[in-house]
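Peer 1: Predicted model and sequence follow; I will ask about them next.
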Amino acid sequence: MRIVLLGPPGSGKGTQAQRMEKRYGVPQISTGDIFRKAVAAKSELGAKVATYLDAGALVPDDLTMSLVRERLAQEDAERGFILDGFPRTVPQAVGVEEILREHGWELDAVINISIPTDVLVSRLTMRRVCPSCKTIYHMVDHPPGPNGLCTVCGTPVDVRPDDNVETIKKRMAVYSAQTAAVVDYYRKKSALIDVDGGAERDKVFDSIQKALEEKRRSRERRQ
Ligand code: ADP
Ligand code: ZN
């Protein structure tokens, strides 16, 4: 199963990608997570990307591409993957096609989670993340346990540093300016599955599973 998951910040990509990873047994590859981990580890990559993340700007394409190329060459990606938050620009979408070709792979689906903009800001300011197991919470819809502890592993949950109103607005603007075109790119190739991200998380996951199942059946009918 090889999937690209698209959607604006706050659409629930990360939450759904975590569920898909469990359900389909293929790794979730989140460029955002990889960059954040590098920043936390104070690695060479971290030093290069920290200013972009803090500003809510995109990391340059060449750096992002070489990182994804390396990640997809790892053994666990052979069985498949869920690309979460990548590609985010049209050049990245073209670049990933080249990598897929090199491996002799094809995408099974591109899923676009859409959601009204006004919901996004409140979702992001309400978001908390477990720094240890990465479980994603929402202070109202899906709160952590007592004293703000992760219900999965007991670690105190955090606010992501880029989830402040100013940086959220910048990320939305970047999405409209650069990432919305990626949605059109895949729509033109008729590869896109649209999912309503406004529903609660279980419902969104149901729609994704149904759409993937439908896609699989229609592929089998064609063969
Ligand atoms: P969100 O979708 O909520 O903004 P992500 O975790 O996907 O969160 O991304 C966080 C940040 O990481 C982005 O604002 C950007 O700086 C960087 N980033 C993530 N993926 C990419 C990418 N494919 N290309 C460039 N920058 C990226
Ligand atoms: Zn946890």
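Peer 2: Done, it's in. Numbers count the residues shown, from 1 in each chain. Ligands and ions are numbered 1, 2, ... in the order given.
Peer 1: Would you confirm that residue 67 contacts residue 31?
Peer 2: Yes: counting by Cβ atoms under 8 Å, residue 67 touches residue 31, with 7.0 Å between them. (Glycine included, C-beta is placed from N, CA and C.)
Peer 1: Quick one: the helices in this structure, in order.
Peer 2: Taking DSSP state H as the criterion, the chain carries its helices at 13-24, 31-40, 44-55, 61-72, 90-103, 117-125, 165-174, 180-188, 201-222.
Peer 1: Quick check: the residue of the chain nearest ligand 1.
Peer 2: residue 32 (1.9 Å; Cβ to the nearest ligand atom).
Peer 1: How many residues are close by that residue?
Peer 2: Neighbour count for residue 32, taken as other Cβ atoms under 10 Å: 18.
Peer 1: and what of residue 6?
Peer 2: Around residue 6 there are 28 other residues, counting by other Cβ under 10 Å.
Peer 1: Residue numbering should commence at 55 henceforth.
Peer 2: Right, with 55 as the first residue, what we last looked at is residue 60.
Peer 1: is the closest residue to it other than its chain neighbours in a bridge, and if so with what?
Peer 2: Using Cβ to Cβ, 6 or more residues apart in numbering and skipping the chain neighbours, the partner closest in space to residue 60 is residue 166 (4.6 Å). Residue 166 has these beta-bridge partners by DSSP bridges: residue 60, residue 248.
Peer 1: partner residues bridging the residue lying closest to residue 214 once chain neighbours are set aside?
Peer 2: Closest residue in space to residue 214, ignoring its immediate chain neighbours: residue 183 at 5.7 Å, by Cβ to Cβ, 6+ apart. Beta-bridge pairing for residue 183 (DSSP bridges): residue 190, residue 212.
Peer 1: Comparing the helices of the chain, which yields the minimum mean pLDDT?
Peer 2: Note on those: helix 171-179 shows the lowest mean pLDDT, a mean of 89.
Peer 1: What residues sit buried inside it?
Peer 2: 174-175, 177-178 (16 or more other Cβ atoms under 10 Å).
Peer 1: cool, and stretch 101-121?
Peer 2: Across stretch 101-121, burial judged by 16+ other Cβ under 10 Å covers 103-104, 106-107, 110-113, 115, 118-119, 121.
Peer 1: Kindly report the same for stretch 72-83.
Peer 2: Using 16+ other Cβ under 10 Å as the test for burial, stretch 72-83 gives 72-75, 78, 80-83.
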